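>>> Sequence unavailable; structure follows:
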């Protein structure tokens with residue numbers, strides 16, 4: 001049995017149509033399957049990113065907390081260091097003040113407030129070396145209070161201490177140049193170092209001091225020299241033109257001044273005597 005040509009064509013066309021539809025359906029199903037797979041992958045990746053972002057947020061929060069804690073500790077440590085530095089500054093200032101006070105106690109006579117014997121010895125040695133180096137004169141005045149033992153016996157040691165303080169003040173007011181040094185040598189003895197001063201000027205300065213002590217008019221009825229407290233002084237000078245200029249020592253200068261003082265005492269007290277090697281013989285004695 002033979003089918004008509006038209007029927008065969010229609011059958012073929014129907015069969016072809018069904019194939020195309022099936023192919024399209026398969027393609028659509030495959031595309032849908034791929035879409036579902038991609039969607040699943042995208043969902044999984046999205047979840048992973050969300051978890052990672054959440055983890056990152058937690059880490060950032062933890063880091064922020066750690067940073068805040070560190071900043072707080074740094075502030076506390078900085079404040080503690082500032083407090084410590086302030087305390088150290090106060091301690092350093094207190095130590096410097098204590099050292100200055102200690103130096104003053106070592107260098108200053110406790111009764112009179114002027115330089116003591118130890119400081120005088122250091123300064124005299126230093127000025128002697130400087131005088132020899134610069135070839136400049138250096139004068140020394142050595143003095144004591146006339147009849148001071150009798151004053152203490154008559155008026156008491158408290159009054160004697162007050163007289164020593166008043167004499168020290170007068171010394172300090174008389175010799176006010178930057179390089180001058182007035183010192184209590186011991187007991188009622190005082191000494192004055194005069195850098196750059198020759199014998200003549202040193203004798204005049206000593207006489208001015210003697211007159212000032214005289215004008216204080218401190219009664220001393222036990223004195224054999226006057227009715228008031230007086231001083232005697234010896235002056236010695238290291239002169240650049242002296243033949244023993246380079247060989248003169250502090251002891252030599254002190255001994256010369258002490259001998260001049262002894263001569264003033266022998267001549268009746270209340271006077272100034274200049275060591276025999278003074279260039280101006282007219283100033284060997286400066287009586288009241």
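Alright, I've got the coordinates. What you see is a predicted model, and the numbers here were worked out from it, not measured in a lab.
>>> and residue 40, helix, strand or coil?
At residue 40 the chain is in helix, as set by DSSP: H, G, I helix; E, B strand; the rest coil.
>>> neighbours around it, how many?
Using other CB atoms under 10 Å, residue 40 is surrounded by 10 other residues. In short, each C-beta sits where N, CA and C put it, glycine included.
>>> cool, residue 152 as well?
If we define neighbours as other CB under 10 Å, then residue 152 has 18 of them.
>>> ok, residue 161 touching residue 113?
No: using CB atoms under 8 Å, residue 161 is not in contact with residue 113, being 12.0 Å away.
>>> hey, where'd the strands end up in the stretch 1-150 of the chain?
Here the stretch 1-150 of the chain has its strands, by DSSP state E, counting those that start in this stretch, at 138-145.
>>> For it, just list every one of the helices.
Assigned by DSSP state H, counting those that start in this stretch, the helices in the stretch 1-150 of the chain fall at 5-107, 117-134, 148-155.
>>> mind checking which of those is nearest residue 276?
With CB to CB as the measure, helix 117-134 is the member of these nearest residue 276 (19.8 Å).
>>> re the thing from before, adding mean pLDDT and distance to residue 200, write the helices of the stretch 1-150 of the chain out as JSON lines.
Listed next are the helices of the stretch 1-150 of the chain as JSON lines, based on pLDDT from 0 to 100; distance: least, CB to CB, whole Å:
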{"stretch": "helix 5-107", "mean pLDDT": "81", "distance to residue 200": "30"}
{"stretch": "helix 117-134", "mean pLDDT": "95", "distance to residue 200": "17"}
{"stretch": "helix 148-155", "mean pLDDT": "94", "distance to residue 200": "29"}
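>>> Mind putting those helices into TSV with distance to residue 221?
Output for the helices of the stretch 1-150 of the chain, formatted as TSV (distance: least, CB to CB, whole Å):
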stretch	distance to residue 221
helix 5-107	36
helix 117-134	30
helix 148-155	7
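>>> orientation of whichever strand or helix holds residue 165 relative to helix 148-155 in degrees?
Assessed by DSSP states H and E, residue 165 sits inside helix 157-174. If you take axes from the mean of the first three to the mean of the last three CA atoms, to 10 degrees, helix 157-174 sits at 130 degrees to helix 148-155.
>>> Per-residue pLDDT of residue 112, please?
Listed pLDDT for residue 112 reads 96.
>>> got a list of what it touches?
Applying CB atoms under 8 Å, 6 or more residues apart in numbering, we find residue 112 in contact with 164-165, 167-168, 184.
>>> got it, and residue 146?
Contacts of residue 146 by CB under 8 Å, 6+ apart are 223-226, 229-232, 265, 269-270.
>>> In helices, which of those fall?
Judged by DSSP state H, the subset of the contacts of residue 146 located in helices is residue 265.
>>> want to throw the contacts of residue 146 into CSV with distance to residue 93, pLDDT and neighbour count?
Compiled in CSV, the contacts of residue 146 are given as follows (distance: CB to CB, whole Å; pLDDT from 0 to 100; neighbours: other CB atoms under 10 Å):
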residue, distance to residue 93, pLDDT, neighbour count
223, 49, 87, 20
224, 54, 85, 11
225, 51, 83, 18
226, 51, 91, 15
229, 43, 96, 25
230, 46, 97, 21
231, 42, 97, 27
232, 46, 97, 26
265, 50, 95, 17
269, 50, 94, 19
270, 49, 96, 24
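>>> And this protein, what are its domain boundaries?
Here the domain parsing of the chain from automatic domain parsing is 1-107, 117-287.
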